[in-house]
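Participant: structure for this input, please:
(one chain, ligands or ions: 3)
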Amino acid sequence: MSERSDDIRRRREEAMAGFEQRAKEAVELINERGRPKLRIKPLIQSTDKEKLDELIAAIEKRLATNVQPEEYSLYNILAHLKTYDLENPSTDEDGFDTNGFELAISELNQVMRFFDSGREEKGIEYLLYRYKIKKFAYKLDTSGFIPLLHLEAATNCNLVCTMCYQSDERLKELIKEQKVKTMPWELFTKVVDEAYEHGCRGMVFAGRGEPTINPRFTDMLRYCHEKGVLHLKFNTNATYLTEKMAREWLSMNACLIIVFSVDAGDKKVFEEIRIGADFDKVKANVEMFARIRKEEFPNSPVRTRINMVISRPKDQDPEAARVMWAPLVDEFSVQTANAEQAGSTYLNNPDGTPRNVAPDRVCIAPFTRMYVWADGRVNPCENDYLSWLCLGNANTESLHEIWLGNTKHELTMRKLRLAFITGKKNCFRPCNNCLGKGSSDA
Ligand SMILES: C[S@@+](CC[C@H](N)C(=O)[O-])C[C@H]1O[C@@H](n2cnc3c(N)ncnc32)[C@H](O)[C@@H]1O
Ligand code: SF4
Ligand code: SF4
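Facilitator: Ligands and ions are numbered 1, 2, ... in the order given. Below is the predicted model:
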């Protein structure tokens, strides 16, 4: 075994051993800094006044013809766009801070990507989809189906980042015992087909592992795109990125958002946090992707982002990282580590009793989210990465019925929703140790 792999193994073991302590530190960090908020700041601007006017004209044209009832929201979207402040645009893509409907500038850029690639109709459809997410989903309206589904392509990961649940021994144990670690193709097509049929137009490859570990990951992206999914996104640690992948993703002509997760601009801090990753290799991979895009696919609608998670504020310098990574991508985001993803949901008080935090809070996860894990289990959120809140299995059950809460399991989405809106969040574990997802923070 080489010196480097010995060192990585030692650091992995240390990271696992120090997990609970770091979960406590993450809570302290949140108490000090406030809840993490994801703000998407585009580095490249695709929207100007002229393009905005073009979009407004296209919507007016659409409204002047045969407008269908499901498109009536275009009137509201139009009113919003007519007063859009390009000088001071919103950067809140998640819509947590905007009570009504507001488009973040990054979303508007996305619409322009559809327009620039000659797909105006798709751009307008994308606007309707974003409206649905922000206006309806966050208003606790669950009568239809979730507009955006979270899919876990792989539960396992090749790294053990120190702020991530992958450094929790219990998750590692769960993964070891789990027979299916990467989502099988049959399960994938089953859930995507059903979700699409119910109007779902967004698929985010999220969850607990590294999606590129799934050997059919590129096929998954292509399948969603060819089906008509409008919003495709995934995060990757970029360690496995190859030229072949880059060309396949870029040639799909999909409006795909690729988030490269890097937590530092310098090798030492990066490798201390992202245990198992080689800074030079990751940098070379992201550079390779940027080069291929520039040289071979200059008009690709793919959008790239760097995401930096702050878990060691004294060592991580976001400005230095931005200077280093920004020339390679379209967007740069920085957020404080989420304490729940760092394991705080399963922490108890020093005397062993549950922490019982935020009893009055209405967590919006079961109203707005649904995760299908790689083995088919369905969960309302990733804060509960050990899946104590499992709501069913997509291999054998209908996703739609799980969403509506029409299953015979002891725990259903409906039960969670009813309990949450009547102030009983803390009757559930690990919700009693979780601040929950709120409408005023991410
Ligand atoms: C869990 S990872 C899975 C995808 C992939 N392995 C990666 O690193 O991009 C998804 C995202 O969560 C971020 N993340 C990890 N731990 C976090 C934490 N405690 N708080 C907030 N984000 C975190 C990662 O940096 C990454 O951008
Ligand atoms: S952040 Fe991503 S790469 Fe790092 S351990 Fe977690 S899942 Fe793996
Ligand atoms: S309270 Fe936390 S654990 Fe419970 S559903 Fe909400 S985000 Fe998930």
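Participant: and residue 182, what does it touch?
Facilitator: In this structure, residue 182 makes contact with 153, 154, 155, 156, 213, 214, 215, 374, judged by CB atoms under 8 Å, 6 or more residues apart in numbering. Where C-beta positions appear, they are placed from N, C-alpha and C, glycine not excepted.
Participant: pick the one among the residues you listed closest to ligand 3.
Facilitator: Within the set of those, residue 155 lies nearest ligand 3; the separation is 17.6 Å, counting by CB to the nearest ligand atom.
Participant: so where do the helices sit in the stretch 251-400 of the chain?
Facilitator: Secondary structure of the stretch 251-400 of the chain, counting by DSSP state H, counting those that start in this stretch: helices at 267-273, 279-296, 318-325, 365-368, 399-404.
Participant: which of those sits most buried?
Facilitator: Using mean count of other CB atoms under 10 Å, the stretch among these with the greatest mean number of neighbours is helix 365-368 (a mean of 25).
Participant: where along the chain do the strands fall?
Facilitator: 41-42, 148-151, 160-161, 202-205, 231-236, 256-261, 274-275, 303-310, 331-336, 371-372, 377-379, 392-393 (DSSP state E).
Participant: turn these into a markdown table, columns for distance to ligand 3.
Facilitator: Supplementary listing: the strands of the chain in a markdown table, determined by distance: least, CB to the nearest ligand atom, whole Å:
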| stretch | distance to ligand 3 |
| --- | --- |
| strand 41-42 | 26 |
| strand 148-151 | 12 |
| strand 160-161 | 20 |
| strand 202-205 | 16 |
| strand 231-236 | 18 |
| strand 256-261 | 21 |
| strand 274-275 | 25 |
| strand 303-310 | 18 |
| strand 331-336 | 16 |
| strand 371-372 | 10 |
| strand 377-379 | 8 |
| strand 392-393 | 15 |
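Participant: what number of residues lie near the spatially closest residue to residue 174 that is not a sequence neighbour?
Facilitator: Beyond its immediate neighbours in the sequence, the residue positioned closest to residue 174 (CB to CB, 6 or more residues apart in numbering) is residue 386, lying 6.4 Å away. Neighbour count for residue 386, taken as other CB atoms under 10 Å: 18.
Participant: what do you get for the one 4 residues further on?
Facilitator: Other residues lying near residue 390 total 15 when counted by other CB under 10 Å.
Participant: against residue 379, how distant is it?
Facilitator: Counting by CB to CB, to the nearest Å, the separation of residue 390 from residue 379 is 6 Å.
Participant: and for residue 355?
Facilitator: With distances defined as CB to CB, the gap from residue 355 to residue 379 amounts to 21 Å.
Participant: also residue 239?
Facilitator: Taking CB to CB as the measure, residue 239 falls 26 Å from residue 379.
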